[in-house]
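Asks: Got a predicted model here, sequence first, then my questions.
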Amino acid sequence: MKIRYDTMKRRHYLAAVASGVSTGLAGCVFENRSFDETNNTSHTNTNNTNQTSNSHEGLVYPDECPVTQDLTVPIPSEFDEETAISFVSEYEEEYTTKSVNVQYKYWDITNEPSTSIEHTTVDNSALIVETQTIWSGSTDVDVEIRAEPRNQTPDSVDPINVEELSEEASPARNIAHDAVDEDRVKRWRDRTQIYNKLTEQIASGQSNTDEYYVTVEDTPVSLTITSHSTDIIDGNIIAWYYIDDVVIRRTEDEDIYPNEGSIVECISD
């Protein structure tokens, strides 16, 4: 996911495409539903993926179709500027939310993605929509672990065998082994360990806010896990949509023309 702030090159391109056409459109953008985007000569860079024999009731589709992101945003039966803006705004928010939840799985998303429409442009029988989506998140890092062998575990917890921990929780496994082998309290600290990523692995053995229980063979071990710092990210994503009568394309790359962006949806007739 790229975060960028300079859109001057793209705005120059959009101005050239618009050729003085106002974005205050009336009526349907796609009046000719048999439009073949291979005839679009507005750009010096042609998109060869548009040349295909994949067709349905007279419409020509790229070879990639069918494509969908399976988002819960219905595609309008007809697009004009108003419906395109409404659709893209909602679609980009869900698209970004899905991407953020995968890429930042262990982060707390403090502000969910919010999309605004920055610019719209008519390109022959298609519409280009520029969006900006902002969001923010945080995560606890700089984790300190204290391990202490115990005689028993509290009745309210279900300790997990350290051998069942994934590699992501290896610091907890290693320090628990050391504490039992040396019969003493051990302390360990890692400034790159994500707190949530670690504690999620041993949540079943949580006794209170910071204390977790694991077992090394048959020996209970108390793990006190605390975080001493927080990483914060402020996401600012610029994306461009290209909507014609057969596909919806999207790109975050300012050096790629919108009609050459990745296909995110194929529009059924």
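Replies: That came in fine, so what should we check first?
Asks: going forward, measure contacts and count neighbours with C-alpha atoms only.
Replies: Noted.
Asks: so where's the stretch 1-150 of the chain shaky on pLDDT?
Replies: 1-58 (pLDDT under 70).
Asks: how about a cut-off of 90?
Replies: Scanning the stretch 1-150 of the chain for pLDDT under 90 picks out the ranges 1-60, 77-78, 122-125.
Asks: I figured Q69 hits I263, correct?
Replies: No - look at Q69 against I263 with Cα atoms under 8 Å: they stay out of range, at 9.7 Å.
Asks: More neighbours: which of these two?
Replies: Legend: neighbour count by other Cα atoms under 10 Å for Q69 and I263, higher for I263 (22 against 14).
Asks: Need the three-state assignment for the more buried one.
Replies: Recorded secondary structure, I263: strand (DSSP: H, G, I helix; E, B strand; the rest coil).
Asks: roughly how far apart are it and N124?
Replies: 19 Å (Cα to Cα, to the nearest Å).
Asks: what do you get for S222?
Replies: 67 Å.
Asks: These two: which has the busier surroundings?
Replies: S222 (26 against 17).
Asks: how about that one, what does it touch?
Replies: Residues near S222 by Cα atoms under 8 Å, 6 or more residues apart in numbering: 146-150, 211-214.
Asks: Any idea what it is bridged to?
Replies: Assessed by DSSP bridges, S222 has beta-bridge partners E148, Y213.
Asks: Check what pLDDT it gets.
Replies: Predicted confidence (pLDDT) for S222: 96.
Asks: just the strands in the stretch 1-150 of the chain please.
Replies: Assigned by DSSP state E, counting those that start in this stretch, the strands in the stretch 1-150 of the chain fall at 55-56, 59-60, 108-123, 126-149.
Asks: Quick one: list the elements packing against the last one.
Replies: Meaning strand 126-149. Contact partners of strand 126-149 among helices and strands, from 3 or more Cα pairs under 8 Å, 6 or more residues apart in numbering; DSSP states H and E: helix 81-103, strand 108-123, helix 170-182, strand 186-190, helix 195-199, strand 219-243.
Asks: following it, which helix or strand comes up?
Replies: Beyond strand 126-149 on the C-terminal side, the first helix or strand identified by DSSP states H and E is strand 160-161.
Asks: hey, what's I232 bridged with?
Replies: Applying DSSP bridges to I232 gives these bridge partners: S138.
Asks: closest one to D158 among the helices and strands packed on strand 126-149?
Replies: Closest approach to D158 among the helices and strands packed on strand 126-149 is made by strand 219-243 (10.7 Å; Cα to Cα).
Asks: quick check: angle from that closest one to strand 126-149?
Replies: Here the directions of strand 219-243 and strand 126-149 differ by 170 degrees (axes from the mean of the first three to the mean of the last three Cα atoms, to 10 degrees).
Asks: starting at the chain centroid, how far to strand 219-243?
Replies: A distance of 13 Å separates the centroid of the chain from that of strand 219-243, by Cα atoms, centre = their mean, to the nearest Å.
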